[in-house]
Every structure is written in structure tokens, then in C-alpha cells.
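**Q** build me a model from this:
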Amino acid sequence: MKAQRVSNLFLGSLCATICALLALVGCATMESATEESLLQSAGFQSRTPTTAKQQAAYAALPAYQLHKGTREGRTIYAYKDEKKGVVYLGNKAQYAQFQQLAKKAQLKEEKQVARDMDNDLVYRWYGSWKDFGAASPVD
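**A** The predicted structure is shown next:
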């Protein structure tokens with residue numbers, strides 16, 4: 001009986017660890033490509049600086065941050081991807097679309113995190129409820 005409890009606890013811990021690792025790997029993969037893919041989906045154009053003026057502007061722009069600039073009544077947004085050597089450029093409408101897509105992606109990710117947490121709790125506590133005199137919530 002005691003060996004069975006130890007076995008159940010070990011299996012529960014193992015399942016919880018595997019679920020947590022899978023969730024972490026999934027989040028890391030999504031996070032690395034999310035910003036660029038959202039910018040492209042919103043209509044931002046990828047440009048490689050070719051002229052000396054473009055290269056100087058590109059060099060001065062901090063990487064991996066979205067920047068806003070206004071000149072002569074026109075607003076542009078720029079995002080420098082230093083690894084790829086490109087800048088993503090967009091206008092107000094594309095930025096508004098980017099914000100909507102980013103908000104949807106964040107909500108989707110929050111729901112996934114919550115779902116993973118619930119599964120983790122189920123695996124961690126499965127079978128433990130009977131030890132406290134209550135029926136298992138999974139029954």
C-alpha cells in the first residue's frame with residue numbers, strides 16, 4: 001500500500017514535470033517569432049537598408065523595439081531586427097492592426113498558460129484527495 005502511494009506520487013510528479021517542460025518549450029518558441037510575425041501580419045513592410053542614408057538611420061535605431069516617428073504630418077513606425085538585418089516599417093493603420101493582433105495573441109497565450117496550470121495541478125494532486133478523506137475531483 002505504501003509502495004503504491006510512493007509510485008502514484010512519483011508518477012504525478014513526473015507528469016507535472018513533463019507538462020511544465022512542454023509548456024516552457026512552447027512559450028519560448030512562440031515568443032521568439034511573435035513580434036516579427038505580428039508586424040508582418042499587420043502589413044508592416046520588411047526593408048533592407050541599401051543606401052548610405054538608410055544604413056546610417058538603421059544603425060542609429062535601437063534593435064528589437066517598436067519606434068514611432070512623425071515628420072511633416074506623417075507618422076511611421078519602425079522595428080529593427082538586427083539579426084536579420086532588416087527594418088519593418090508601417091503607418092498608423094498598420095500599427096493599429098498590429099495592436100489588435102498583439103492583444104489577441106496575448107489573450108490566447110494567457111488562456112494557454114491557465115490551461116497548462118490547471119493540467120499541472122490535476123497531475124500533481126490526482127489521487128491525493130483520497131488521502132485527505134475526500135473523493136478525487138477527477139472521479
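**Q** ok, the nearest residue to Glu82 once chain neighbours are set aside to Lys103 distance?
**A** The shortest distance from Glu82 to any non-neighbouring residue, by C-beta to C-beta, 6 or more residues apart in numbering, is to Ala63 (3.9 Å). The way it works is simple: take the backbone N, C-alpha and C, and place the C-beta from them, glycine included. Counting by C-beta to C-beta, to the nearest Å, the gap from Ala63 to Lys103 is 24 Å.
**Q** would you map the strands across the chain?
**A** Per DSSP state E, the chain carries strands over the ranges 45-47, 66-71, 74-81, 86-90.
**Q** residues in contact with the longest one?
**A** Counting by C-beta atoms under 8 Å, 6 or more residues apart in numbering, strand 74-81 makes contact with 35-36, 39, 44, 58, 61-70, 86-92, 94-95, 98, all of which sit outside it.
**Q** average pLDDT for that strand?
**A** Averaged across strand 74-81, pLDDT comes to 93.
**Q** that one: which residues count as buried?
**A** By neighbour count on 16 or more other C-beta atoms under 10 Å, the buried set for strand 74-81 is 77-80.
**Q** now do the contacts for His67.
**A** Here His67 is in contact with 61, 77-79 (C-beta under 8 Å, 6+ apart).
**Q** tell me, how many residues neighbour Glu82?
**A** As a burial measure, Glu82 scores 13 neighbours (other C-beta atoms under 10 Å).
**Q** same deal with Thr34?
**A** Neighbours around Thr34, by other C-beta under 10 Å: 15.
**Q** gap between it and Glu72?
**A** 32 Å.
**Q** next one: Ala96
**A** With the distance defined as C-beta to C-beta, Ala96 ends up 21 Å from Glu72.
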